[in-house]
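A.B. asks: dropping the sequence and predicted coords here.
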Amino acid sequence: MADYIDEVMGFNPADVSAFNEPVERNYNANIYKTNPKDAKSESGNYLSKVRIIYNPTNPKDSIVHRATYFIKDTQGGLLVKSRLGNGPSDPEFKNCPLFKAWKKLWFDSENPANKERAKKYFDKTEEDYVLVQILEDINKPDEVGKFKAMKLPTAIKDKLAAKMNPSVDSKKVPYPVMDYVIGLELNMEVTPGPDDPSAPERKQREISYNLCEFGDYAPIVRTDGESLFDDEQLELIDSYATAFKDSTSAKTEAKKKAAQKQLEELRPQLKELYKIAYDYVKENCGFNLREEVGYTPWDENTEKRVNNWIKVVLAGKNPETTTVEDLERPEGTVAAPVTTEVTESPVPTDFPQASDDLPF
């Protein structure tokens with residue numbers, strides 16, 4: 001006890017651990033980030049290997065689109081998910097209050113200046129997310145085996161689409177990249193932007209995913225990084241994967257037909273392995289992809305804050321300095337001093353500043 005008292009009496013308050021650890025505001029443990037600033041490689045590139053997999057809730061919903069608005073008011077900044085992200089599958093997707101308010105300003109033919117206000121205040125970002133399992137990561141080894149949501153950069157999305165939904169002209173056969181058993185591994189190599197002394201922000205803003213490439217097939221693994229299947233099952237999967245490839249890309253029709261026949265023979269056994277994989281993902285992925293990154297109805301506080309922000313903007317005032325109460329106050333009167341403490345909402349670290357490909 002005496003030693004503890006001595007330590008406390010002479011303790012430097014700045015030495016509290018939390019003050020000396022890197023702070024990532026608005027951190028979400030279910031989001032996988034591959035920022036070169038966290039790279040452990042000599043090149044400075046973020047290297048890892050992941051598997052993009054089907055959404056176990058609904059395979060058709062395996063790429064979740066998200067639309068967000070970043071608003072600023074007298075309380076600080078707030079990132080708001082918009083119903084626009086649901087797209088036409090939601091009959092009400094255009095009824096987002098923020099979108100409707102933006103339209104009102106943007107298409108105001110009687111006051112052209114309102115278009116500039118729409119540009120200034122309505123800061124909208126659209127992005128896509130997928131479910132991944134981390135297979136290798138020297139930068140964050142504790143995350144190997146975990147299921148995470150990952151923002152899908154344009155460069156990777158284009159490569160994914162080229163394999164899963166190739167153009168008719170390419171004459172390529174779609175490959176199930178997200179398949180739990182024979183889907184393809186994705187080799188991540190994320191490069192930082194240039195070191196530009198005159199514009200140091202370029203290193204973070206111009207991150208590139210162009211070197212990321214899909215590799216060989218790789219079944220999902222256990223959350224501890226070990227194989228989910230035994231050697232005999234892996235041999236079976238390998239035979240199935242080889243037959244699947246030959247059934248579409250073998251050079252002779254005879255080999256294609258032989259591979260198709262082998263697929264039919266292996267299908268009953270593979271069906272059991274697919275069930276094992278599906279059940280494992282369902283049990284060990286601790287979140288719903290759409291609920292995690294997609295639109296969810298606003299809570300009462302968010303709805304009130306957004307609606308107040310809209311009222312101020314439509315009234316032609318600056319929402320960072322003007323409140324709804326200011327609008328309602330008779331002209332010439334002064335607001336009473338604010339006695340309650342206002343807590344600023346943190347600006348989320350994954351909000352893009354210049355490019356939809358930023359991983360933070």
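C.D. replies: Yep, it's here. Numbering: from 1, shown residues only.

A.B. asks: when you work out contacts or count neighbours from here on, use the C-alpha atoms and nothing else.
C.D. replies: Noted.

A.B. asks: need the contact list for Q133.
C.D. replies: Q133 makes contacts with V50, R51, I52, I53, V144, G145, K146, F147, K148, I220, as judged by C-alpha atoms under 8 Å, 6 or more residues apart in numbering.

A.B. asks: mind doing that once more with 6 Å?
C.D. replies: Q133 sits next to V50, R51, K146, F147 when contact means C-alpha atoms under 6 Å, 6 or more residues apart in numbering.

A.B. asks: out of these, who has the most neighbours?
C.D. replies: Counting neighbours by other C-alpha atoms under 10 Å, R51 comes out on top of those with 27 neighbours.

A.B. asks: do you have the helices of the stretch 251-360 of the chain handy? List them.
C.D. replies: Using DSSP state H, counting those that start in this stretch, the helices of the stretch 251-360 of the chain run over residues 253-284, 289-293, 300-314, 324-328.

A.B. asks: circling back to that earlier point, now the contacts of Q133 in a markdown table, please, with extra columns for pLDDT.
C.D. replies: Shown next, in a markdown table, are the contacts of Q133 (pLDDT from 0 to 100):
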| residue | pLDDT |
| --- | --- |
| V50 | 98 |
| R51 | 98 |
| K146 | 97 |
| F147 | 98 |
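
A.B. asks: in strands, which of those fall?
C.D. replies: V50, R51, F147 (DSSP state E).

A.B. asks: bridged to the spatially most central residue of the chain, which residues?
C.D. replies: Most central in the chain under C-alpha atoms, centre = their mean is K151, positioned 2.9 Å from the mean C-alpha point. Beta bridges link K151 to Y129 when assigned by DSSP bridges.

A.B. asks: pretty sure it contacts Y129?
C.D. replies: Yes: under the criterion of C-alpha atoms under 6 Å, K151 makes contact with Y129 at 4.4 Å.

A.B. asks: residue ranges with poor pLDDT in the chain?
C.D. replies: 1-27, 331-360 (pLDDT under 70).

A.B. asks: show me where it has its strands.
C.D. replies: 46-53, 64-73, 76-82, 123-137, 147-151, 184-190, 213-217.

A.B. asks: nearest to I207 among those strands would be which one?
C.D. replies: Checking the strands of the chain against I207 by C-alpha to C-alpha gives strand 184-190 as the closest, at 7.0 Å.

A.B. asks: give me the sheet partners of that closest one and which way each runs.
C.D. replies: strand 46-53 (antiparallel), strand 213-217 (antiparallel).

A.B. asks: orientation of that strand relative to strand 123-137 in degrees?
C.D. replies: 110 degrees (axes from the mean of the first three to the mean of the last three C-alpha atoms, to 10 degrees).

A.B. asks: name the surrounding residues that touch strand 184-190.
C.D. replies: For strand 184-190, using C-alpha under 6 Å, 6+ apart, the contacting residues are 45-51, 177, 208-209, 211-218.

A.B. asks: buried subset of those?
C.D. replies: 45-51, 177, 208-209, 212-214, 217-218 (16 or more other C-alpha atoms under 10 Å).

A.B. asks: coming back round to it: got a markdown table for the helices of the stretch 251-360 of the chain, with mean neighbour count too?
C.D. replies: As requested, these are exported to a markdown table (neighbours: other C-alpha atoms under 10 Å):
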| stretch | mean neighbour count |
| --- | --- |
| helix 253-284 | 15 |
| helix 289-293 | 19 |
| helix 300-314 | 16 |
| helix 324-328 | 13 |
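
A.B. asks: using CSV, lay out these together with distance to D230.
C.D. replies: Converted to CSV, these look like this (distance: least, C-alpha to C-alpha, whole Å):
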stretch, distance to D230
helix 253-284, 11
helix 289-293, 29
helix 300-314, 49
helix 324-328, 64
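
A.B. asks: so for N114, which of these sits nearest?
C.D. replies: Closest among the helices of the stretch 251-360 of the chain, using C-alpha to C-alpha: helix 300-314, at 8.9 Å.

A.B. asks: run through the neighbouring helices and strands of that closest one.
C.D. replies: Taking 3 or more C-alpha pairs under 6 Å, 6 or more residues apart in numbering; DSSP states H and E as the contact definition, helix 300-314 has no neighbouring helices or strands.

A.B. asks: in CSV, list the C-alpha atoms belonging to that helix.
C.D. replies: What follows is helix 300-314, C-alpha atoms only, in CSV (Å, rounded to 0.1, in the frame of the first residue of the first chain):
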residue,chain,number,x,y,z
GLU,A,300,-34.4,10.0,-32.1
ASN,A,301,-31.4,12.2,-31.3
THR,A,302,-30.0,11.8,-34.8
GLU,A,303,-33.3,12.5,-36.5
LYS,A,304,-33.8,15.7,-34.4
ARG,A,305,-30.3,16.9,-35.0
VAL,A,306,-30.5,16.3,-38.8
ASN,A,307,-33.9,18.0,-39.1
ASN,A,308,-32.7,21.0,-37.1
TRP,A,309,-29.6,21.2,-39.4
ILE,A,310,-31.8,21.1,-42.5
LYS,A,311,-34.0,23.9,-41.1
VAL,A,312,-31.0,26.1,-40.6
VAL,A,313,-29.5,25.4,-44.0
LEU,A,314,-32.8,26.0,-45.8
